[in-house]
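Asks: make a model of this:
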Amino acid sequence: MKQFQFDYEGEDKLVSMLKRIRQWCNASVVSNVLFQIYTESLDKSKIERICDVIDREIPDALYMGCSTNGNILMGDKSKSPISIICTAYEYPSTQIKLLQFPLDENKAQRVASELCLFVKENPWVKSIMTYTTMRGMSMTDYCDYLGMLPKKIVFCGGGAFSENMNENAAFVFSSEGEISDHAAVFLLTGGEDYYVRALHVTGWKPLGRYHQVTKAKGPYLYELDGRPAYEMYYKYLNIKNDDNFFVNTLEFPFLYELNGMDILRAPIDSDDDGALIMTADIAEDVQARIAYGDPSTILESVYNAAVSFEDFIPDTFNVFSCAARRTFWGDDEVGNETDPFQSLAPTSGFYTSGEFLRSGDYVNQHNVTLVIEAQREGDLREKAVPTVEMDNEEFSGKVSMINRLATFIQAATEELEETNRKLEIVAKQDGLTKLFNRGEIQHCITLEAEKYLNTSNCSKARVGSSLIMMDIDDFKKVNDTYGHREGDLVLKGLAQMLRDTMAENNIFGKAGRWGGEEFMVLLPDSNEAKAIEVAELFRKNFNNLEFEKCAHQTLSLGVTEMVAGENSDIPCMRADDALYEAKRTGKNKVVVSR
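Replies: Got it, this is the predicted structure:
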C-alpha cells in the first residue's frame, strides 16, 4: 500500500501531481487507486472540477470526500482548505468498493439494510469507512441499524462538517454519486492480504459525582437531577450562559456509559430555559458526569494508543478527530495528538462533527473523540516493527497538578457516595435485626397498594399480593426471665430465619420489623393460598430454632391478601386482626382474614 498526500494548490499543480501518481502506478503492481478529498471550503463547483480532473487523468480511480472543519495531512492540521490523499493498493487480492446512499432519518433503516445485504453477498469485506452528513439529524436509530453488520466488520468514520462550526451546511460526495447535503458514502475494503484495526481515544477524565439525566430528547439535555441542565455548569464551574459558553465548556463535556463504554457529549449552546444543546443525542435516565480535559493526560492516552499499533505494523492511518478537539488544542498544538501515528505510518483524516466506531455488538456515535483506523497489506514477516516517536517528557514520570486534583476530587466523591449509600441503608434498616424498619416496610406496602388503588373496575378484587404479620408468643416472659440480651438473640434469630427461609425456597418478599416483637412480610407475588403456605413455613422453622437459654419459642401469624382499590392501611389492619385472632385462640398458629 502506497500513499501520496498533498494539498490542493490549483488545477495545474493537481494535474502535475496526478501525472506523477499515474507514472508510479504504471511502473508498479497496483490493484486499486483511491482518492480521499477533504475540503473546508463549501465551494461545490471547485470540488466538481477536482473530481473531473481525477476522472480525466486516472480514469480507473475511485474517489470519495466530504466537507470538514479542517484537514489532517501527514499527521498534522493542514493549512490548506483542500487536501487530497491518494492510496494505491498493491496486492491483487485487495478489493475496494464505494457505495453512496441518500440519507435522512426516514431512510436510515433502508441504508443500513442495503449495506448489510451487500456485505452478506460479498464476504471479502473486512472494513467499512464512512463519511456522513449528520447535522440536524438524530443518529441514534441509524447507529442501531448499523449494529446489524457482522461483528467481524471494522466500522468507523466521521460526520461531514464545515469550517464554521455554527453552520449546518455540510456535504459528501464520491465517484458513485453527486455532491449531496444528505447522504452517506461508504468505502468497503477487504481481501485475504488486507488487514485492519481501529480504536478510539478520549483522554478526558471523569470529575465529581454522577448526575441523573431526568429529561432529554435527542440532542437536547433539559434536566439533570430534576434541575435545568445549565445550572450544573454554573454551580460547579461558574460558566455563564453567554457567547463564550461553547469555548468554556469544551474542557468539560459530559461523560456517560452507552452500550458498555464511556461516551462523551459536549454542549454547544444553552437556551434561556437552561436546556443544553449537545453535539449528539444523549439518552434519558442515564448516569452522567462532567469530565475534564487535561492536556498531559490526553497526550498520554494518545501515546498509549499509538504504541498499541506498533505490532500491527500499519501502512496507513485514517483519523477522525472531533472538531471540538481542534478547538480545545488550537491549530498550533492539535497536531500533537496525531503526529505520534505519523511516526508509524502516513496519517491523514479530518476534523468531524461526530465520530463512528464499531465496538462489540454496537456502532456508537462519539464526540470529543479521536477514532483511528490502521490499514495494512501483506504478511507481517515482510515488515519491520516501527517505534512511536513522541516527546513524552510532559507526562512521563510526573502527573500534572490538574490531574492530581481531578484524581483527588474523584476519590473524595467515591468516598462520599459510599458514605451516602451506607446512610441510606441505615435510614431504612432496623438496627437490631437488619431487616427493613417500620417506616420502610410500610413504604413498600404503600407502593404495592398504590399499583391497584385506582383500579375501580376491579373493586374488591384480590390482586395476588399478600401480607403476613407475626408476633413472638409470650415474648415478655423471655425478657423477664432470661434478660434482654436473650430477648435480642430471639429477635435476631427470627429475622435470620425469615431471610434464610425466603432465600432457600425462592420466595420473593420484603421483611421488616413492625415494632417490638412484631414483624411484617410483604409478598408481592403470592396470593392467599401461597401466603398461608409461606406463613406455615415461617412458623415451623421458627419453632425448630433453639436458643441458648430460652430453648424453643413459637409464633402467631396473621395472613391477608390485598384488594384492589384499598389504601395500604386496610390490609395492614386485616393482618393485625388475623394476628390478634391467632393469639386469642391459642397462639402458635396461622389465621387468615379476608
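Asks: partner strands of the longest strand seen in the chain, parallel or antiparallel?
Replies: Of all the segments of type strand in the chain, defined by DSSP state E, the longest one is strand 205-217. For strand 205-217, the paired strands and their directions (DSSP bridges) read strand 220-224 (antiparallel), strand 287-292 (antiparallel).
Asks: correct me if wrong: Leu489 contacts Leu545.
Replies: No - counting by Cβ atoms under 8 Å, Leu489 stays clear of Leu545, with 10.0 Å between them. Any C-beta I mention is one placed from the backbone N, CA and C, and that applies to glycine too.
Asks: what about the two, which has more around it?
Replies: More crowded of Leu489 and Leu545, by other Cβ atoms under 10 Å: Leu489, with 17 against 14.
Asks: what is the closest residue to that one other than its chain neighbours paired to in the beta sheet?
Replies: The spatial neighbour of Leu489 that comes closest, neighbours along the chain excluded (Cβ to Cβ, 6 or more residues apart in numbering), is Phe547 at 5.9 Å. Beta bridges link Phe547 to Ala551 when assigned by DSSP bridges.
Asks: show the contacting residues for Phe547.
Replies: Contact analysis of Phe547 by Cβ atoms under 8 Å, 6 or more residues apart in numbering lists 486, 489-490, 493, 553.
Asks: circling back: so which bits of the longest strand of the chain are buried?
Replies: 205-211, 213, 215-216 (16 or more other Cβ atoms under 10 Å).
Asks: which of those residues lies closest to Asn541?
Replies: Among the buried residues of strand 205-217, Tyr210 lies closest to Asn541 (Cβ to Cβ), at 41.0 Å.
Asks: which residues touch the closest one?
Replies: Contact partners of Tyr210, counting by Cβ under 8 Å, 6+ apart, are 287-289, 417.
Asks: and if we set it to 10 Å?
Replies: Residues in contact with Tyr210 (Cβ atoms under 10 Å, 6 or more residues apart in numbering) are 224-225, 255-256, 286-289, 413, 417.
Asks: how far away is it from Val33?
Replies: 50 Å (Cβ to Cβ, to the nearest Å).
Asks: which parts of the stretch 251-400 of the chain are helices?
Replies: Assigned by DSSP state H, counting those that start in this stretch, the helices in the stretch 251-400 of the chain fall at 295-308, 323-329, 339-342.
Asks: mind giving me the packing neighbours of the longest one?
Replies: With contacts defined as 3 or more Cβ pairs under 10 Å, 6 or more residues apart in numbering; DSSP states H and E, the packing partners of helix 295-308 are strand 194-201, strand 205-217, helix 323-329, helix 339-342, strand 370-377, helix 401-428.
Asks: adding mean pLDDT and distance to Ile472, write the ones you listed out as a markdown table.
Replies: Shown next, in a markdown table, are the helices and strands packed on helix 295-308 (pLDDT from 0 to 100; distance: least, Cβ to Cβ, whole Å):
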| stretch | mean pLDDT | distance to Ile472 |
| --- | --- | --- |
| strand 194-201 | 96 | 61 |
| strand 205-217 | 87 | 42 |
| helix 323-329 | 91 | 65 |
| helix 339-342 | 96 | 71 |
| strand 370-377 | 97 | 65 |
| helix 401-428 | 68 | 23 |
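Asks: mind listing the helices for the stretch 51-200 of the chain?
Replies: Ranges of helices within the stretch 51-200 of the chain are 108-121, 140-146, based on DSSP H, counting those that start in this stretch.
Asks: outside of the longest one itself, list whatever touches it.
Replies: In this case it means helix 108-121. Helix 108-121 is touched from outside by 97, 99, 101-104, 107, 125-126, 128, 130, 132, 137-150, 152-153, 155, 183-184, 186, 188, 190, 363, with contacts defined as Cβ under 10 Å, 6+ apart.
Asks: mind listing what's buried along that helix?
Replies: Judged by neighbour count using 16+ other Cβ under 10 Å, the buried positions of helix 108-121 are 108, 111-112, 115-116, 119.
Asks: export those to a markdown table and tack on distance to Asp577 and pLDDT?
Replies: Output for these, formatted as a markdown table (distance: Cβ to Cβ, whole Å; pLDDT from 0 to 100):
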| residue | distance to Asp577 | pLDDT |
| --- | --- | --- |
| Ala108 | 61 | 93 |
| Val111 | 66 | 95 |
| Ala112 | 62 | 95 |
| Leu115 | 67 | 96 |
| Cys116 | 64 | 94 |
| Val119 | 69 | 96 |
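Asks: for these, which one is nearest Glu566?
Replies: Using Cβ to Cβ, Ala108 is the member of the buried residues of helix 108-121 that sits closest to Glu566, with 48.8 Å.
Asks: how about the nearest residue to the closest one, chain neighbours excluded?
Replies: Spatially, and ignoring its direct neighbours in sequence, Ala108 is nearest to Tyr142 (4.0 Å; Cβ to Cβ, 6+ apart).
Asks: the one you found reaches Thr133, doesn't it?
Replies: No - at 11.4 Å, Tyr142 does not count as touching Thr133 under the criterion of Cβ atoms under 10 Å.
Asks: now do the shared contacts for those two.
Replies: The contact sets of Tyr142 and Thr133 overlap at 103-104, 184 (Cβ under 10 Å, 6+ apart).
Asks: export these to a markdown table and append columns for neighbour count, pLDDT and distance to Ile37.
Replies: Shown next, in a markdown table, are those (neighbours: other Cβ atoms under 10 Å; pLDDT from 0 to 100; distance: Cβ to Cβ, whole Å):
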| residue | neighbour count | pLDDT | distance to Ile37 |
| --- | --- | --- | --- |
| Leu103 | 25 | 95 | 19 |
| Asp104 | 13 | 91 | 23 |
| Ala184 | 28 | 97 | 16 |
